[in-house]
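Asker: when you get a sec, could you give me coordinates for this:
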Amino acid sequence: MIASYVEQIMGMPISVALRGPHERGSERQEAAEAVFADLRAVDARFSTYRPDSELCAIQAGHLPLAEASAEMQAVAALCDEARVVTSGAFEAWLPDANGQPQFDPTGLVKGWAVERAARHLAALGDHDFCLNAAGDVIVGCSRVDTPAWRIGIEHPIEPDTILAIVELRVGAVATSGTAARGLHIVDPQTGEAATGGVLSASVGGPSLLWADVYATAAVVQGADAVAFLEAVDGYEGLVFGLEDRSRVTSGWRLPTS
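Answerer: Numbering: from 1, shown residues only. Below you'll find the model as predicted:
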């Protein structure tokens with residue numbers, strides 16, 4: 001039996017699916033509510049749209065990053081690490097409207113927050129879980145009598161079409177691209193929207209945080225996206241380009257139905 005819970009947080013639908021003992025219904029609901037509470041708290045701190053958020057205070061120059069919360073500084077450190085491991089394809093310091101570098105960790109925060117919130121579901125122990133944040137998905141299976149979760153990768157131009165399906169018992173899949181928000185991914189080398197021909201990049205691996213980072217970096221890499229992902233240990237990817245075809249890294253064999 002699957003129990004499902006959905007809330008709108010961070011401007012997107014967040015869904016929790018749990019497979020496990022029926023008699024633990026109240027514990028399942030409490031775990032899902034803990035996930036949503038975690039994500040609401042992250043939104044309150046890191047939102048770029050809420051003028052009372054800590055991130056907005058930093059961006060407005062009212063709060064030095066060095067004096068920010070431990071959570072903000074931890075995310076900043078992860079952003080620095082992401083810049084290094086992607087050779088600069090991921091960058092959290094991007095030019096603002098005046099061309100000045102501004103700290104914007106939103107390319108990493110969602111994956112970090114969802115992965116962290118999933119600990120409430122993993123703590124149930126005898127349940128399988130699937131936590132889906134608008135297509136960025138983390139799953140875990142504690143049971144041995146259940147099938148793998150099947151995660152559909154959406155076509156970036158035809159949203160009713162599934163490009164491929166990833167079957168996972170433990171791990172994550174993240175997708176970055178133009179489908180939901182248009183040309184919003186910035187190429188750190190130019191300060192402009194990434195227009196290298198990648199409409200979407202989906203990356204699977206053990207960590208949602210890093211799958212999300214690598215997916216964003218792959219969009220920036222453009223024509224070199226697949227080669228870039230081939231070099232990332234423990235992660236695989238699917239890239240869809242302007243030529244209306246998808247390419248996958250050598251380690252992924254993905255069913256389409």
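
Asker: got the buried residues for stretch 161-181?
Answerer: Using 16 or more other CB atoms under 10 Å as the burial criterion, the residues of stretch 161-181 that qualify are 163-164, 166, 168, 171-179. (Glycine included, C-beta is placed from N, CA and C.)

Asker: how much space is there between the residue lying closest to Ala201 once chain neighbours are set aside and Ala227?
Answerer: If the residues on either side of it in the chain are set aside, Ala201 comes closest to Ala218, at 3.7 Å by CB to CB, 6 or more residues apart in numbering. Taking CB to CB, to the nearest Å as the measure, Ala218 falls 10 Å from Ala227.

Asker: ditto for Thr249
Answerer: Distance check for Thr249 against Ala227: by CB to CB, it reads 9 Å.

Asker: neighbour-wise, which of the two wins?
Answerer: Taking Thr249 and Ala227 together and counting by other CB atoms under 10 Å, Thr249 has the greater number of neighbours (21 against 11).

Asker: now do the contacts for that one.
Answerer: Taking CB atoms under 8 Å, 6 or more residues apart in numbering as the criterion, Thr249 is in contact with 226, 229-230, 236-238.

Asker: 6 Å instead?
Answerer: With contacts taken as CB atoms under 6 Å, 6 or more residues apart in numbering, Thr249 has the following neighbours: 229-230, 236-237.

Asker: chain neighbours aside, what residue packs nearest to it?
Answerer: Of all residues not flanking Thr249 in the chain, Glu236 sits nearest, at 4.6 Å (CB to CB, 6+ apart).

Asker: ok, the one you found touching Ser250?
Answerer: No. With the criterion set as CB atoms under 6 Å, Glu236 and Ser250 do not qualify as a contacting pair; they are 8.1 Å apart.

Asker: Gly251 against Gly237, yeah?
Answerer: No. Contact between Gly251 and Gly237 fails when scored by CB under 6 Å: they sit 9.2 Å apart.

Asker: neighbour-wise, which of those two wins?
Answerer: Legend: neighbour count by other CB under 10 Å for Gly251 and Gly237, higher for Gly237 (27 against 12).

Asker: what about the stretch 51-200 of the chain, any weak spots by pLDDT?
Answerer: By pLDDT under 70, the low-scoring segments of the stretch 51-200 of the chain are 179-184, 196.

Asker: show me where the stretch 101-250 of the chain has helices.
Answerer: Listed from the start of the chain, the stretch 101-250 of the chain has helices (DSSP state H, counting those that start in this stretch) covering 106-117, 119-122, 208-221, 225-230.

Asker: hey, which of these is tucked in deepest?
Answerer: Stretch with highest mean neighbour count among the helices of the stretch 101-250 of the chain: helix 208-221 (a mean of 28; mean count of other CB atoms under 10 Å).
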